[in-house]
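Visitor: With the input below, show me the fold.
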Amino acid sequence: MSARAHLSVIQPQQPERPQLVEPVAKLVQETALHRLWMGQSLNAETHQVLAYLAGRGHRVPVGIGVTLMPLRHPFEAAVQARSLARITGKPVVVGYGPATPGLVGALRGRPYDTPARTSAEYALAVRDLLDGGPAEESVNEAFHQGEGLVLPEIGRFPRVEVGLGVLRSGMARRAGGAADVAITWLTPAHHVHDTIAPALAEGAARAGRPAPPRIATVVHAAVARPGRDPRRLALRGASTHLGLPHYTEMLRRAGVPADPADPESGAAALVDKGVYLYGTPEEVAKGLLDYEHAGVSEIVVNPAGVVNTEGIRSAVADVREIAQAWEELRG
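Guide: Numbering: from 1, shown residues only. Now for the predicted structure:
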C-alpha cells in the first residue's frame, strides 16, 4: 500500500494583483489542504505574491511549480527561495523548468542543447547554495558559477525543497539524481506509476542517492454542476499545454490521443480518459486516490477550468468540497 498522500491546491492563473490569490490562500488555512501552489507568473511575480500573502497573514506552506530557469541564475534562485521560507515561516517547494525553446532562445540567444542535463545541473547548484555551499564551480550552457560561491549566513529557516518539472522518462532520470521533488502536470496516474517513478528510481540509483525524489502531481479537476460541460472546462483549463508538442507527446505515449494542432480534441480526450477529473466531490476524490496508489506523495488540485470560466470563488467552492470528500474518503 502506498504512503498516504497530501492534498494541495494550485492557483492556476498569472494574477495581475496579489489580492486575487487570497481566496485560495485562505482556503488552505481553513481546510486540511497541505500547501498553496502557484506557477510562473509574469504579471505579479510568483515569489513576491507568496511573500505578500504571508504579510497579509496567510502563512501557509507554499510551492512553485514551476518557475523558469532562464529567468534567473541559480544564486538568485536560491536567494529567492530562502527568502520565501524566512518570510512565510513555512516549508517551501520551488520547482524549476527549462521553459520552451523559443523563450530560452529569446532570453539567451539560443535554446539549451541538453535541457534535461542543464535542468539537473541547475537544481544541484540551487541545492548546494541552500545547504550553505560552497557551490562547486560549474560552467554549462545555462550559467557560470564560480568556485566558492556562497550565500550569506542568515541562521535557521524552514526546509526548502528543490523541484524539477518532469513529463517523460529522460527528464525523470535526470531529476532522480538531482531533485528533492519531481513535479508532474497533466500526467495520467498510470504514466506516473509505470514511467515516471521507475525512471526517478533509476536516476537516483545512478547518482548513488539513497532514495528517489518524491512526486508532486498537478491534477485538473472540477465538480459536476448544472450547466457545466467538462470538455469545455478541460479546454479552458489546459488549452495552452494541449498546444505544446512535449505535453501532447507525453499524453499520446500514455494512451491519451492529443495533437498540438487540435487542443479541442485533446481536451475531450482528457475527460474521456479520466485525466481531467469531473464528477461529484466523492467521485473526484476517488480519482485522486489513483495518484496516491501510483506513488504520488502530494496531489495538487488544479481548478483552472472553473477559474477561467466562472471565476475564483466558484473554483474555491469546488476545491473545498473536493478536500472535504478526500478527508472523508481517507478516514
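Visitor: tell me which element the residue nearest the centre of the chain falls in.
Guide: Centroid-nearest residue in the chain, with Cα atoms, centre = their mean: G65, separated by 3.0 Å. Using DSSP states H and E, G65 maps to strand 62-68.
Visitor: If you count contacts, what does that strand end up packed against?
Guide: Counting contacts by 3 or more Cβ pairs under 8 Å, 6 or more residues apart in numbering; DSSP states H and E, strand 62-68 packs against strand 36-38, helix 46-55, helix 74-88, strand 92-97, strand 160-165, strand 181-185, strand 214-223. Where C-beta positions appear, they are placed from N, C-alpha and C, glycine not excepted.
Visitor: Please pull out the lowest mean pLDDT helix or strand from this structure.
Guide: strand 138-139 (a mean of 60; mean pLDDT, DSSP states H and E).
Visitor: Parallel or antiparallel, which strands does whatever helix or strand comes next after that strand pair with?
Guide: Counting by DSSP H and E, the element after strand 138-139 in chain order, helix or strand, is strand 144-145. For strand 144-145, the pairing partners within the sheet under DSSP bridges are strand 138-139 (antiparallel).
Visitor: buried stuff in the longest helix seen in the chain?
Guide: The longest helix of the chain (DSSP state H) is helix 312-330. Applying a neighbour-count criterion of 16 or more other Cβ atoms under 10 Å, one finds 312, 314-323, 325-326 buried in helix 312-330.
Visitor: Out of those, which comes closest to L33?
Guide: A323 (5.4 Å; Cβ to Cβ).
Visitor: so the closest one makes contact with L7?
Guide: Yes - taking Cβ atoms under 8 Å as the definition, A323 is a contact partner of L7 at 6.1 Å.
Visitor: Look up the residues that both of those two are in contact with.
Guide: 32-33, 301 (Cβ atoms under 8 Å, 6 or more residues apart in numbering).
Visitor: ok, residues contacting whatever helix or strand E121 lives in?
Guide: Element membership for E121 (DSSP H and E) is helix 115-130. Contacting residues not belonging to helix 115-130 are listed as 69, 74-75, 77-78, 81-82, 94, 96-98, 112, 134-136, 138, 140-143, 145, 149-151, 160, 162-165, 170-171, 173-175, 177-180 [Cβ under 8 Å, 6+ apart].
Visitor: For the stretch 1-150 of the chain, give me the ranges with low pLDDT.
Guide: For the stretch 1-150 of the chain, applying pLDDT under 70 flags the ranges 1-2, 135-142.
Visitor: For T88, list the residues it contacts.
Guide: With the criterion set at Cβ under 8 Å, 6+ apart, T88 makes contact with 50-51, 54, 59-62, 158.
Visitor: Buried subset of the residues you listed as a ChimeraX selection?
Guide: Buried residues within the contacts of T88, by 16+ other Cβ under 10 Å, are selected in ChimeraX with:
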select :50,51,54,60,61,62
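Visitor: okay, the contacts of T88 in TSV with distance to A25 next?
Guide: Output for those, formatted as TSV (distance: Cβ to Cβ, whole Å):
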residue	distance to A25
L50	9
A51	12
A54	9
R59	9
V60	6
P61	11
V62	9
P158	17
